[in-house]
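[1] sequence unknown, structure follows:
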């Protein structure tokens, strides 16, 4: 195996993670630092450091031409895009191909097909992957809407063609409601989006967000690494993920069916890297394809923890056309249960980003805990980047053990100077719906664990901080 | 030494450091009280010990818990609240009474007195430099005013709680 030069076009914890994978493979890890982050913490794991000039994301991590120019100049063999930024940008992958640089991710065609809601849904249907039942074209009349609703079954969702972000949507539980709502939603959508056309879609009640990890090479081998459940979300962003899914639980047949469906879809799009097929699962355990993420995901560590396979290493191997060292699907087995809490610099109650300066940082973890992070004393969390500063992962032999370890792990993260959502995670890890594993995507809005956070200022904790500060002041 | 923690809604937490006992180079004990409705309450002795490069906190010398080391920060966090930290003085517009008297917070030696009687001084201005634990500590003024009297001179070795200077 020839040593490669790998440029990491990302920052924060994922840049650390990729750099460490490069180190394992004997590749040279090359990291960027930008004008607004001269002390980029991820550089400590990189062998070479390159200045990517500029301060805005548009000037730096989203600047395709500047990145490619630097890559050519530094004789880079491949670029790992991490997640976010250019990770799912087909044009970037195409430009790299033209420049003779390997994009560490899937082929351009797969990115493009999966990057478009309509084409990905069409491809899924062709591959026999279930999609949320409903119309793909506007329904012109009430009669037509009722006809479709009778076919797919109630409840249904009347949904503006041009809608988004939860607006221009109305749930209907029977024919009468369609009659009542149809024109009203149409009028609303017309005034809100300038388009009154409506779709009819099956409404999945109390949905679970469950996704399957895929890993494929360039020789046509496609493996799945079981599922993750990511139903604890705020503003459609995940904050806690776990593997395996407590909702699927012991239902091995359902698990196999879900995972094999994901593999079928990945094969249909000639997938050749790490990727994730996202599904929505109803209370009756019927599942429907949502989208495929053609990148490594934030929550990949929980899958690594239950399968013992380094997904980033495999992703790099795959991109360079190397063997993944996985003899067959049967070799990929899972054991135990892993939970990830995303540690974000945000207010634990409003969940809004809260930038700040880390004035102190320590950890103290039990066995079975992994913390992928970019924290250090003096780190300044700026509004320029995502507020996620780390991913706390706990693994136990069964779910209850993983929760116990996570509780202890959360008590063992000491971050000073920064508001974080750790108090929220602590409440959730002790909240009965979560402990029972019976939560849906509406967990945060319905159960509202954030309202159970004790915000009273207690003198002991203030004295604790003050005592540390005074001791430091005395030169201890 | 009094520390004011003030959040964006002007809520205040006032903490007094009333005693410092240095047990060794790795162990120091503080006595804190908080100031609520003009009364000192929640008096507590706490110990900080350095072990294997980390700080540990104890209230009884038997149970210890790890804390993150930090220098005097500009902000202290408590769950969802952010307090600005003012050590030794209260920022303008918020000053109450009683800050005019400067007392030693730890045993130390006066290195330098930077003002003389009758000088006009402002909040946050360094008035005295006190050496303690091989470190020079800047003793800052708590109020705007005039130096009324100075009770010490350079080179004096002082115990904790000695009145050094008064500002009116």
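    All right, it came through fine. Bear in mind the structure is a predicted one, so any value in this text is a computation, not a measurement. Numbering: from 1, shown residues only, chains lettered A, B, ... in the order given.
[2] for chain B, give me its nearest residue in the stretch 1-150 of chain A.
    With CB to the nearest CB as the measure, the residue in the stretch 1-150 of chain A that lies nearest chain B is residue A:41; the distance is 16.5 Å. Where you see a C-beta, it was placed from the backbone N, CA and C, and this is true even at glycine.
[3] just checking, that residue touches residue A:376?
    Yes: under the criterion of CB atoms under 8 Å, residue A:41 lies in contact with residue A:376, with a separation of 5.5 Å.
[4] name the residue in the two with the higher neighbour count.
    Applying other CB atoms under 10 Å in any protein chain shown to residue A:41 and residue A:376 shows that residue A:41 carries more neighbours, namely 21 against 11.
[5] so what's the more buried one closest to, chain neighbours aside?
    Setting aside the residues directly before and after it, residue A:41 is nearest to residue A:374 in space (CB to CB, 6 or more residues apart in numbering or on different chains), at 4.9 Å.
[6] the longest helix in chain A is where?
    Secondary structure of chain A per DSSP state H: the longest helix is helix A:175-193.
[7] on that earlier part again, quick one, phi psi at the residue of the stretch 1-150 of chain A closest to chain B?
    The phi/psi pair for residue A:41 (degrees, to the nearest 10) reads phi -60, psi -30.
[8] picking up where we left off before, flag every buried residue along the longest helix of chain A.
    Applying a neighbour-count criterion of 16 or more other CB atoms under 10 Å in any protein chain shown, the buried positions in helix A:175-193 are A:177-178, A:181-182, A:185-186, A:188-189, A:193.
[9] so who does residue 39 touch?
    You didn't pick a chain, so chain A it is. Contacts for residue A:39 were tallied using CB atoms under 8 Å, 6 or more residues apart in numbering or on different chains; they are A:33, A:378.
[10] distance of it relative to residue A:358?
    From residue A:39 over to residue A:358 the distance is 12 Å, taken as CB to CB, to the nearest Å.
[11] sorry, back to before: neighbours of the residue nearest to residue A:41, just the number please.
    Residue A:374: 20 surrounding residues under other CB under 10 Å.
[12] next one: residue A:155
    Other residues near residue A:155 number 14, with proximity taken as other CB under 10 Å.
[13] repeat that for residue B:41.
    Other residues within reach of residue B:41, judged by other CB under 10 Å, total 10.
[14] tell me where the model's unsure across chain A.
    Along chain A, the parts satisfying pLDDT under 70 run over A:1, A:164-166.
[15] kindly list the longest strand within it.
    strand A:222-234 (DSSP state E).
[16] residue ranges with poor pLDDT in chain B?
    Within chain B, the ranges that satisfy pLDDT under 70 run B:92-99, B:105-107, B:133-135, B:159-161.
[17] please pick out the residue of it most distant from its centre.
    Each residue of chain B has a distance to the centre, and by CA atoms, centre = their mean the biggest one is for residue B:52: 26.9 Å.
[18] surely residue A:279 and residue A:289 touch.
    Yes: because the distance of 6.0 Å satisfies CB under 8 Å, residue A:279 is recorded as touching residue A:289.
[19] so what's in contact with these two at the same time?
    Between them, residue A:279 and residue A:289 have residue A:261 as joint contacts when contacts are counted by CB under 8 Å, 6+ apart.
[20] if you drop the residues flanking it in sequence, what lies closest to residue B:119?
    The spatial neighbour of residue B:119 that comes closest, neighbours along the chain excluded (CB to CB, 6+ apart), is residue B:147 at 4.7 Å.
[21] for the one you found, pull up the helix or strand it's in.
    When elements are defined using DSSP states H and E, residue B:147 is found to belong to strand B:145-150.
[22] repeat for residue A:123
    Here residue A:123 sits within helix A:117-126, counting by DSSP H and E.
[23] and residue A:188, how far from chain B?
    Residue A:188 sits at a distance of 36 Å from chain B (criterion: CB to the nearest CB, to the nearest Å).
[24] what's the burial count for residue 55?
    In the absence of a named chain, chain A is used. Around residue A:55 there are 13 residues (other CB under 10 Å).
[25] oops, chain B please
    Other residues near residue B:55 come to 25 when the count uses other CB under 10 Å.
[26] can you give me the helices for chain B?
    Taking DSSP H as the criterion, chain B carries no helices.
[27] what's the answer for the stretch 201-350 of chain A, then?
    Listed in chain order, the helices of the stretch 201-350 of chain A (DSSP state H, counting those that start in this stretch) span A:252-268, A:300-307, A:311-319.
[28] now these as a markdown table including mean neighbour count?
    Listed next are the helices of the stretch 201-350 of chain A as a markdown table, based on neighbours: other CB atoms under 10 Å in any protein chain shown:
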| stretch | mean neighbour count |
| --- | --- |
| helix A:252-268 | 18 |
| helix A:300-307 | 24 |
| helix A:311-319 | 23 |
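[29] mind checking which of those helices is nearest residue B:6?
    Ranking the helices of the stretch 201-350 of chain A by their distance to residue B:6 (criterion: CB to CB) puts helix A:300-307 first, at 39.8 Å.
[30] counting contacts, what elements does that closest one pack onto?
    strand A:222-234, strand A:237-243, helix A:311-319, strand A:337-344, strand A:369-373, strand A:388-396 (3 or more CB pairs under 8 Å, 6 or more residues apart in numbering or on different chains; DSSP states H and E).
[31] so which of the ones you listed is the most surrounded?
    Neighbour counts (mean count of other CB atoms under 10 Å in any protein chain shown) averaged over each of these peak at strand A:337-344, with a mean of 26.
[32] show me what that strand is packed up against.
    In terms of contacts (3+ CB pairs under 8 Å, 6+ apart), strand A:337-344 is packed against strand A:237-243, helix A:300-307, strand A:388-396, helix A:399-411, helix A:422-428.
[33] got the contact list for the first one?
    For strand A:237-243, contacts defined as CB under 8 Å, 6+ apart pick out A:209, A:226-230, A:232-233, A:298-299, A:302-303, A:305-306, A:334, A:337-342, A:344, A:399, A:402, A:421, A:424-425, A:428, A:434, A:444.
[34] how about 7 Å then?
    Strand A:237-243 is touched from outside by A:226-230, A:232-233, A:299, A:302-303, A:306, A:337-342, A:421, A:428, with contacts defined as CB atoms under 7 Å, 6 or more residues apart in numbering or on different chains.
[35] and for the last one?
    Applying CB under 7 Å, 6+ apart, the external contacts of helix A:422-428 come out as A:232, A:240, A:341, A:343, A:348, A:410, A:413, A:434, A:449-450, A:452-453, B:79.
[36] mind running it again at 6 Å?
    A:341, A:348, A:410, A:434, A:449-450, A:452-453, B:79 (CB atoms under 6 Å, 6 or more residues apart in numbering or on different chains).
[37] mind putting these in CSV, distance to residue A:147 included?
    As requested, those are arranged in CSV below (distance: CB to CB, whole Å):
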residue, distance to residue A:147
A:341, 46
A:348, 48
A:410, 52
A:434, 41
A:449, 42
A:450, 43
A:452, 46
A:453, 48
B:79, 54
